[in-house]
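[1] kindly return the folded structure for what I paste below:
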Amino acid sequence: MSNRFDDFLNEQLQDPALRAQYDALEPEFAIMRAVYDARIASGMTQQQLAEKTGIHQADISKMERGSGNPSLRTLQRLADGLGMKLKIEFVAN
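    Next up is the predicted model:
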């Protein structure tokens, strides 16, 4: 099921230069999605996760929006707070 934004994005990504820039940001998008998805799967609000990890709620919000750049230590704190294990891997293209 697509929406107007998805249709717009797919249209814009037909431009090879824009596609290259978008693809270059994929690792950041993946972190953003992983933090959000893990928090939602755990049934926690940003505030609850902040209280559990000592990370400010505003910083969690920034990570989920993609405007934060979390360190490995921060990602580990989030994983611990969510009762999860942090796994980072390299995969072939």
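[2] list the contacts of the residue nearest the centre of the chain.
    Taking Cα atoms, centre = their mean, the centroid of the chain lies closest to residue 32, which sits 0.7 Å from it. Listed by Cβ atoms under 8 Å, 6 or more residues apart in numbering, the contact partners of residue 32 are 63-66. Glycine gets a C-beta too; all of them are placed from N, C-alpha and C.
[3] my read: residue 66 touches residue 30, true?
    No: Residue 66 lies out of contact with residue 30 (Cβ atoms under 8 Å); the separation is 10.2 Å.
[4] out of the two, which sits in the more crowded spot?
    The residue with more neighbours, out of residue 66 and residue 30, is residue 66; 15 against 10, by other Cβ atoms under 10 Å.
[5] how near is residue 8 to residue 19?
    14 Å (Cβ to Cβ, to the nearest Å).
[6] on that earlier part again, quick one: pLDDT of the residue nearest to the centre of the chain?
    At residue 32, the predicted lDDT confidence score is 92.
[7] same thing with residue 27?
    86.
[8] so which helix or strand takes in it?
    Here residue 27 is covered by helix 26-41, with elements defined by DSSP states H and E.
[9] next one: the next helix or strand after that helix to chain centre, how far?
    Using DSSP H and E, the helix or strand that follows helix 26-41 towards the C-terminus is helix 46-53. Mean-position distance between helix 46-53 and its chain equals 16 Å (Cα atoms, centre = their mean, to the nearest Å).
[10] low-confidence stretches in the chain?
    Low-confidence segments of the chain, defined by pLDDT under 70: 1-2.
[11] and stretch 77-85, end to end?
    10 Å (Cα to Cα, to the nearest Å).
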